[in-house]
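Chemist: coords please:
(one chain, ligands or ions: 1)
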Amino acid sequence: MSKVLSQPDAHSPAEKASEPALSVRGLTGGHHGLVAVRDVTFDVADGEVLTILGPNGAGKSTTLLSIVGVLRRMGGEVLSHGETLGSKPEVNARRGVTLVPDDRGVFHQLSVADNLRLTRNSADLESVLDDFPKLRSLWKRRCGLLSGGEQQMLALAKALLQKPKVLLVDELSLGLAPKAAQELMPILRHQADERGLAVVLVEQHVDLALSIADTAAVLRHGRIELKDDAALLREQRHRIEDAYFGRQGHDPSSH
Ligand SMILES: Nc1ncnc2c1ncn2[C@@H]1O[C@H](COP(=O)(O)OP(=O)(O)OP(=O)(O)O)[C@@H](O)[C@H]1O
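Modeler: Reported below is the predicted structural model:
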């Protein structure tokens, strides 16, 4: 019997690992048949933090919801490490792509402990709590009684318990005092650096987002107006403002 030589697998684990953690290609999405984001394309590598900025109504949340499948995509595709993501958020979460929505997705009637116990655990609870020591002291408190910052900690802890490879966070700083947002933001950076987590952070707080991001994109009228290195954009803040207002001078070809 002739020996069958195995062909190199185009999707071998090693090659998949070299694919972007998240690849969004030509994404078009919206609400009730109305397009809100069009032809959105970007990649996020393992360990990279991308922040998506932009004016109110630009389509930032719609982009995140379309990536995970909460909103049905109207066009384009989304891949994680080379594997196409389908339209079921719970399946995508099991495959490592998890969204922290802007309403935080926590159960207000339940205690901190029960919120965490209800989460499908694949990570060690103790190690996740090490990042949020305050949650230990709030263990039995009903979630509805927590402050905004404490709820956001709980939302992040719940998401990290699922051991995601890609974490999408919709407005971490929403409703938080600046100090609370400043305390939470570095946790995302830490997860990216230590665990190789790929992060997509939608933010209104531009300076805070740029302080932890590797890359920043500005979405305007549902399109990526600008995308560049975050450190560079920290020094060239005017380019972000130009992109917010659709003024000439930015470089949309850089994405
Ligand atoms: N449930 C919905 N039904 C209909 N239209 C919606 C719905 N949610 C959002 N939209 C519209 O889709 C567009 C994009 O909204 P989206 O919430 O994605 O923007 P955003 O950039 O996240 O805004 P913000 O910064 O204010 O949260 C807006 O024109 C908005 O009015």
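
Chemist: which residue ranges of the stretch 101-250 of the chain form strands?
Modeler: Secondary structure of the stretch 101-250 of the chain (DSSP state E, counting those that start in this stretch): strands located at 166-170, 198-202, 215-220, 223-229.

Chemist: kindly reformat the ones you listed as a markdown table containing mean neighbour count.
Modeler: The C-beta positions use only the backbone N, C-alpha and C, and glycine is treated the same way. Shown next, in a markdown table, are the strands of the stretch 101-250 of the chain (neighbours: other C-beta atoms under 10 Å):
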| stretch | mean neighbour count |
| --- | --- |
| strand 166-170 | 25 |
| strand 198-202 | 27 |
| strand 215-220 | 24 |
| strand 223-229 | 21 |
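
Chemist: save these as TSV, and put in mean pLDDT and distance to the ligand too.
Modeler: Shown next, in TSV, are the strands of the stretch 101-250 of the chain (pLDDT from 0 to 100; distance: least, C-beta to the nearest ligand atom, whole Å):
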stretch	mean pLDDT	distance to the ligand
strand 166-170	97	7
strand 198-202	98	7
strand 215-220	98	6
strand 223-229	97	12
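
Chemist: indicate which one of those strands is closest to Y244.
Modeler: The minimum distance between Y244 and these falls on strand 215-220, with 6.3 Å, by C-beta to C-beta.

Chemist: that closest one packs against which elements?
Modeler: strand 34-44, strand 49-53, strand 223-229, helix 230-235, helix 237-245 (3 or more C-beta pairs under 8 Å, 6 or more residues apart in numbering; DSSP states H and E).

Chemist: hey, which of these is tucked in deepest?
Modeler: strand 49-53 (a mean of 26; mean count of other C-beta atoms under 10 Å).

Chemist: that one vs helix 237-245, what angle?
Modeler: Regarding strand 49-53 and helix 237-245, their directions subtend 50 degrees when assessed with axes from the mean of the first three to the mean of the last three C-alpha atoms, to 10 degrees.

Chemist: tell me who's in contact with the most centrally placed residue in the chain.
Modeler: Note on the chain: the residue nearest the mean C-alpha position is L168, at 1.7 Å, using C-alpha atoms, centre = their mean. L168 sits next to L64, I67, V68, V97, T98, L99, V100, V199, V200, V202 when contact means C-beta atoms under 8 Å, 6 or more residues apart in numbering.
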